[in-house]
Structure formats: C-alpha cells, structure tokens
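# Provided below for reference: sequence and predicted model.
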There are 2 protein chains.
Amino acid sequence: MCSTLLYNHPMFEFEVVAKQGRARAGVFHTPHGDLLTPVFAPVGTQATVKTLTPAQLGELGATLVLSNTYHLYLRPGDELVAKLGGLHQFMQWSYPLLTDSGGYQVFSLTQTRKVDNDGVTFRSHIDGSIHRFTPEKSIAIQENLGADIIMAFDECAEPYDRQYNEQAVQRTHAWAERSLRAHGRADQALFGILQGGVFPDLRAASAQFIASLGFPGHAIGGLSVGETKQETHAMLDIVMETLPEDKPRYLMGVGTPEDLLNGIARGVDIFDCVLPTRLARHHSVFAPEGRLNLMNAVFAADSRPIDEGCRCYTCQHFSRAYLRHLVAAKEMLAGTLLSIHNLHALISIVNDVRAAIIENRTWRTEKL
Amino acid sequence: MCSTLLYNHPMFEFEVVAKQGRARAGVFHTPHGDLLTPVFAPVGTQATVKTLTPAQLGELGATLVLSNTYHLYLRPGDELVAKLGGLHQFMQWSYPLLTDSGGYQVFSLTQTRKVDNDGVTFRSHIDGSIHRFTPEKSIAIQENLGADIIMAFDECAEPYDRQYNEQAVQRTHAWAERSLRAHGRADQALFGILQGGVFPDLRAASAQFIASLGFPGHAIGGLSVGETKQETHAMLDIVMETLPEDKPRYLMGVGTPEDLLNGIARGVDIFDCVLPTRLARHHSVFAPEGRLNLMNAVFAADSRPIDEGCRCYTCQHFSRAYLRHLVAAKEMLAGTLLSIHNLHALISIVNDVRAAIIENRTWRTEKL
C-alpha cells in the first residue's frame, strides 16, 4: 500500500507517503514548510481569515491559507503588498500561502465583465472602476503577492452550458500556456487548472492537456458550482485517471465534510473553502448531530460544548449556552469562536483521514 | 516610602506595598487571585470583552475584568448564568471579575425610567419590557453572577444639578445601607459608592458616610460624566482625604491614559473604562504621537507598528499599513488587533507606574 512517488522541482517536491485505494497521504515541500496532505486551506480573502489572528489559525491546526488575487489587487493593491515585503509578511502568516488567479471572482461579476480571447475586462465591486486581467497580469499580481502556490488564469463556465464550456476549455488551455510562459519566480509553484463543466469528454481532454504542460501541481476548477454531487464525483473520477500521481491535486472551492471525504477517496490532496468561516458568521457549526444553528433557543441553557470530543479552543472552554448568548447579543466574539471550531473540525477530518491512510485503517465516517 | 497597611477581610485582604506621595502600589487578594494595584479593568459588557477571547485578554496582561449587571440581567439572565456555574465559568475568565450595580446603565435610560426612594423602574433597551431594580434586586443579581467584586446600588446624577445631587446622595446612602444588608456571599467583596456631583461639600459628606459603613472597598461614582478635568481632580482630592487608606479605591468609568495617571497620583487603585475597546472599533489607537485613526490614508504604506516600543501581539507582528488595510476593508480582525493594542497600552501604563512607585522612580509621563 505504501508507494513513494517523487516529483522533482527545486523547491516543491511532492512525496506520496501512503496510498489506500485512490486516496493518498503525502508531503508537499514548499519554501514556507512542508504541507502534510490531504490538507484543507482556510480562506483569507482580504489577507485575513475573517475574525482570526494568525496565532489562532496556527493553534487550530491550519497550515495552508488561501488568499484572493482579485480582492488583494483591488485593495490594498499587489504592488503595495510587494513593497511591504509580500503577502506572508503583510498578513504575518509564516506557513505556506496559496493565491487563486482571480479568474473565478472576475467571472462571478456576470453583469460587469466582458471576456475576450486575450483576457477579461471588469468593473471593481468596490468603486466601479474598470480593470483588465489577462493571464500575464494575473501571474504578475501573484508574483507581487508571493504565495508559495499560485494558479494559472482560467475561465470558469456555467457547468451545464456545452457550447460555453467548449469555448472556456479552449481559452483555459491557451491561458494556461500563457500563464506558464509569464511565470518567473522559482520560489512559487504554478498550478494548472482544468475545466469542462459536467461533460466527461471535455473534462478528460482538459485533464490531458493541462497535465501535458508540466505544471508542478494540478487543480480541478468549475466543480461545486451548481452541479449535482453525482456529477461532481463522476467528473473527479474521470480527471483522476489522467492527472499524474506524482503531483499534488487540488479541488478548488470544496467544501463540506462529506465533500472532503469524497474528494480524498478519489485522490484529491488539497482543498479550500469559505464554508467553515461563512457558516460561523451565520451562527452555524459542525456538530456530532449535524449542522447546528446556535441562534436556536434550544441551546440557551445547554452547558455542553459544541462537540464533546473536539479539542479546539472553543470546545475546550465554552458551552453552547455561552456561544448562543454571544450570537443573540450580536457579539463579534461569536464569529471568532465559531470559526475556530468549524475550521478545526474540517482540518481534523483531513488530519484523521491522513493518519488512517498511513495506518491503512478504514476512515470513511459519516460523522459530520 | 514603604508602609504596609492591612485590611483584614477573610478573602479580600488589601496590602499597600509602597507609597509615593498619595499614589500607592498594592495587592488586593481575591478568591480568583491577587490583583496588583493600580489595576485597569477592561469592560466585558455582555460577558465578553468585545472581539477578544479570554486567552487573548490574559496574554495582553488583563487581570480584572468588569461586566455589566444591567446587560447580563436582561440577557442571558442572571439566573441562567448562576445555573451554568456563574459568570467566571460562563465567560471562562478565571481571574477576578467585577460587576457594576446596574445603576449607571439604568439612569442612562433617561427617557424610559422612573426613580423613587425604593428603586428604579425601567424599560429594557432590547424589547421595551418593564423591569425594576432596587438595592436588594441589584445585589441578588450580582450574587447570581458571582463576581469577586460587586457594587452597591447607587444613583448617578447630572454633575451640575445641586438639588438633584442632594437627593441622589441621600438615596445613594440609603441604598448603600440596604445593599450591605442584602449581601450575603462571603466570597464577594461589596464596594460602597459615593456620589455628589461637582459639589465639594456633598462629595466630602458622601465619602464620610460611605466610609463609615465598613465596606471592604470604596468607589467614586459620578465622575467623568461631563464635568471638567479640574473639577474631576478637585472632587478626587476631596474624597481621598476621607476614604480610608487601608481599603482599595475604585474610580468608576475612567479612562484615558492621562486620567489613569491623574487618578493614580491622587491615590486611586482600580479603574475601568470602555474607551480602549470602543476606540479600537472606531479605528483609533494610542500611539507615541497621540491618538491615531488608522482609517487615515497616510498609514496605507506605513511599515511601522503602531508603537515601536510596544510589546503587544499587534505591535510585535503587524504594520500600520496592514491594520489600515483591515480597517478600510471592514475586516473584523481590525477590531481584535486594535483592541489588543489599546488595552495593552493602558494596562502597561498602570503596570509601569506600579513598578515606578515601588522603586520610587518618577513616573508621570505625558507620553500618551
């Protein structure tokens, strides 16, 4: 069960230390330390994982943090971040960082952007000013930010629109090649992104093309954007046949506890999602009995922690009653404490599964 | 310079370990540990010092935290807090706690409360429901909450209204006696509060009367509520002549760095104020050059910490530019990081002055 594959990149070796079926436990070496995979990355959109200090993030077990190129380009500006020593220094995160390409955010501005084969022109959501992203621009911004893992500029299409997806895949491929050519920093691993909506042939072709370009890692884009779980899994199954085993695989924007388990089982190594922190800000937590909304009056006198078995700061100290009080009183501490728990819950899942893969134990649990 | 005075109360001994003029350095023993005085208490209105975990509060040097009887009575309810093990357990603060009597908040509801000699009837600011506080009720609530230091129920009047102050002082005295009679818990120190507006004779009489009742500590109420600094100092000078030296003196709701220095110089041992956390939520910080509003664009590229000499988590890690970015982007982490700095700044002032009193060094600095 324990094969070791090695990808040789000066600063970004990836070792698969154990396999169980298609699931893998690995180590991804980066200039800011080793990532033990599978890994779940909290999202720090504006150079902060909302409500948490880097100290709290480290304490709850985060190793990789994602930040958004689109947001940081607009505010405070990637050139300013570079002048201040780069994103690690700016936000004081000393472990690995990942930036997305900005593509997903820009394509989400459906009413205020215009795509052509060269790039995308869009209006800022902050002040309406006009900007343009091309693959070269996205890479330049990401080089200014200086994350360890950066992403090729891609086009994320509606999952069910065949014609649009054919076009988006073509653009994504051309932009992947341009992103590669534009990228210069040896201390950053540029990952390629494949697309293809819910169409098996497009997904297979995209995986094959992107894998042929020699990226040090591969990302699966355009999933968990509205399609069914069955379709997500089918697309994952298809691309995993093609994506090389000796490089890390990143399923973008995923997900729920179930999504993590399903992704790992299919060979995914890296995940990110705003879900745990967004749920926290809406009073919702992962608990043994499922998702709980702590605004509910049934928790008003509940002296138990969210999860008796959880080792996070929140569960080690606070009752549901106290957390419910903070939520009802609109106290900002609620967001902090619930974010700590939710992130810790997802990170614990990937850590537990990693240990199970290494020890060849069963790990698929429907606990959460 | 170093006289040791001792007040014998089973659980609340107060030792003055050093004096310098009227300023004192002391130790106030409580069931939840020793308070080194002078001490500044952050305010945790709703059983949370806004935006901060107890771990962060402890790390920045807080020892005493104040919470508000009025707010906790309304939400989540003092009986619920008692059922959940008391306020220390509820909010997970293992160091000393202080609760106010609710009087100040109730009298602030000028449009929706009615005072008589027995107590105050008022409408909740949350849902408009009608409630009544009497001295006995305030003490019962504070016994349910279980703070180490609790306060007699008092009436805080407009500082310049002679007639109202005469009446308020009389009521405050009668209510102090009733508070004393109502109080039963030996593990709580009930402090008396004196009033008197800006009127020297009322202040002197009130200090004399309250001091005669045998409270284990004394508080000066009704200052920093609109009067001039000269008047504040004059009133402090008057009451300090009367308040016994062997019991701690608490100046309620104060204050600014200058207020702390002026209070300590006149013999105050305990302070509390919402100012540092409130300023933080409005982007304002204590800095060597004075109060700074970090929303100001001049900080956008400022790579320095708020205060080069500060040892708080915020100054040890983050640039003004990053903090300004968090403020501009309306990120909740701004409130957390600025609160850490502002509280640490005030706590450092009282700690530094305490050391200077003990070592008989000059300490009056106009730094902040």
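Everything's here; your move. What you see is a predicted model, and the numbers here were worked out from it, not measured in a lab.
# Write out the residues of the stretch 251-368 of chain A neighbouring chain B.
A:300-301, A:303, A:313, A:317-319, A:321-322, A:324-326, A:328-329, A:331-333, A:335-337 (CB under 8 Å from any CB of the partner chain). Heads up, the C-betas are built off the backbone N, CA and C, glycines and all.
# Please convert the buried members of those into ChimeraX selection syntax.
With 16 or more other CB atoms under 10 Å in any protein chain shown as the criterion, this ChimeraX line picks the buried residues out of those:
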select /A:313,317,318,319,321,322,324,325,326,328,329,331,332,333,335,336,337
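# Okay, and which of the residues of the stretch 251-368 of chain A next to chain B map to helices?
Judged by DSSP state H, the subset of these located in helices is A:313, A:317, A:321-322, A:324-326, A:328, A:332-333, A:335-337.
# Return the member of the residues you listed nearest to residue B:127.
Ranked by distance to residue B:127 (CB to CB), those are led by residue A:328 at 11.9 Å.
# Surely that closest one is in contact with residue B:75?
Yes. Contact status for residue A:328 versus residue B:75: in contact at 6.6 Å, counting by CB atoms under 8 Å.
# Contacts only, for the spatially closest residue to residue A:357 that is not a sequence neighbour.
Leaving aside its sequence neighbours, residue A:357 sits nearest to residue A:25 (CB to CB, 6 or more residues apart in numbering or on different chains; 4.2 Å). Neighbour list for residue A:25: A:16, A:17, A:18, A:19, A:36, A:37, A:38, A:354, A:357, A:358 [criterion: CB atoms under 8 Å, 6 or more residues apart in numbering or on different chains].
# Show the subsequent helix or strand relative to the helix or strand where residue A:71 lies.
Residue A:71 belongs to helix A:69-74 when elements are defined using DSSP states H and E. Downstream of helix A:69-74, the first helix or strand assigned by DSSP H and E is helix A:78-83.
# So for that next one, mean pLDDT?
In this model, helix A:78-83 has a mean pLDDT of 98.
# ok, residues contacting it?
A:47, A:69, A:72, A:87, A:90, A:140-142, A:144-146, B:300-301, B:321.
# which residues touch the following helix or strand past it?
Per DSSP H and E, helix A:78-83 leads on to helix A:87-91 as the next helix or strand towards the C-terminus. Helix A:87-91 is contacted by residues A:32, A:44, A:47-48, A:54, A:67, A:72, A:81, A:84, A:93-94, A:97, A:99, A:145-147, B:319, B:321-322, B:325 when judged by CB under 8 Å, 6+ apart.
# follow-up on the earlier one: element containing the residue nearest to residue A:357, please.
Per DSSP H and E: strand A:23-30 holds residue A:25.
# what are the C-alpha coordinates of that strand, in CSV please?
Written as CSV, here are the backbone C-alpha positions of strand A:23-30 (Å, rounded to 0.1, in the frame of the first residue of the first chain):
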residue,chain,number,x,y,z
ALA,A,23,-6.6,8.1,-1.6
ARG,A,24,-3.2,9.3,-0.8
ALA,A,25,-1.2,10.7,2.2
GLY,A,26,1.6,13.0,1.0
VAL,A,27,4.1,15.6,1.9
PHE,A,28,4.3,18.7,-0.3
HIS,A,29,7.5,20.7,0.4
THR,A,30,7.3,24.4,0.0
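# in it, what counts as buried?
For strand A:23-30, by 16+ other CB under 10 Å, it's A:23, A:24, A:25, A:26, A:28, A:29, A:30.
# what two of the contacts of residue A:25 have the greatest distance between them?
Top of the distance list for the contacts of residue A:25 (CB to CB): A:19 and A:36, 14.9 Å.
# Quick one, which of the contacts of helix A:87-91 are buried?
A:32, A:44, A:47-48, A:54, A:67, A:72, A:81, A:84, A:93, A:97, A:99, A:145-147, B:319, B:321-322, B:325.
# And the helices in the stretch 151-300 of chain A?
A:162-182, A:200-212, A:229-242, A:257-265, A:275-281 (DSSP state H, counting those that start in this stretch).
# neighbouring contacts of the helix holding residue A:71?
Residues contacting helix A:69-74 (CB under 8 Å, 6+ apart): A:45-47, A:78, A:81, A:87, A:99-102, A:105-106, A:124-126, A:131, A:133, A:138, A:141-142, A:145.
# what's near enough to touch residue A:194?
Contacts of residue A:194 by CB under 8 Å, 6+ apart are A:172, A:203, A:206, A:207, A:209, A:210, A:218, A:219, A:220, A:221, A:239.
# Nearest to residue B:363 among these?
Nearest to residue B:363 among the contacts of residue A:194, with distances taken as CB to CB, is residue A:219, at 58.8 Å.
# Show me the beta-bridge partners of that closest one.
residue A:193, residue A:250 (DSSP bridges).
# List the contacts of it.
Applying CB under 8 Å, 6+ apart, the residues near residue A:219 are A:151, A:191, A:192, A:193, A:194, A:249, A:250, A:251, A:252, A:270.
# 6 Å - rerun?
A:191, A:193, A:250, A:252 (CB atoms under 6 Å, 6 or more residues apart in numbering or on different chains).
# again, but for residue A:126
Contacts of residue A:126 (CB under 6 Å, 6+ apart): residue A:74.
# Wait, residue A:157 touches residue A:163, no?
No. Assessed by CB atoms under 6 Å, residue A:157 is found out of contact with residue A:163, at 9.3 Å.
# distance between the helix or strand in which residue A:343 is found and the chain's centre?
Following DSSP H and E, the helix or strand that holds residue A:343 is helix A:332-358. Chain-centre distance of helix A:332-358: 14 Å, with CA atoms, centre = their mean, to the nearest Å.
# Can you list the buried residues in it?
Buried, per 16+ other CB under 10 Å, within helix A:332-358: A:332-351, A:353-354, A:356-358.
# and stretch A:100-108, C-alpha only, in PDB?
In PDB, the C-alpha atoms belonging to stretch A:100-108 read as follows (Å, rounded to 0.1, in the frame of the first residue of the first chain):
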ATOM      1  CA  ASP A 100      -6.100  31.900  -6.800                       C
ATOM      2  CA  SER A 101      -5.800  33.500 -10.200                       C
ATOM      3  CA  GLY A 102      -8.600  36.000  -9.800                       C
ATOM      4  CA  GLY A 103     -10.500  34.200 -12.600                       C
ATOM      5  CA  TYR A 104     -13.300  32.800 -10.500                       C
ATOM      6  CA  GLN A 105     -14.100  36.100  -8.900                       C
ATOM      7  CA  VAL A 106     -13.900  38.100 -12.100                       C
ATOM      8  CA  PHE A 107     -16.300  35.600 -13.900                       C
ATOM      9  CA  SER A 108     -18.600  35.800 -10.900                       C
END
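# buried ones in it?
A:100, A:101, A:102, A:103, A:104, A:105, A:106, A:107.
# If we only consider the residues you listed, which is nearest to residue B:118?
Out of these, the member with the shortest distance to residue B:118 (by CB to CB) is residue A:105, at 62.2 Å.
# and the gap between that closest one and residue A:81?
To residue A:81, residue A:105 is 17 Å away according to CB to CB, to the nearest Å.
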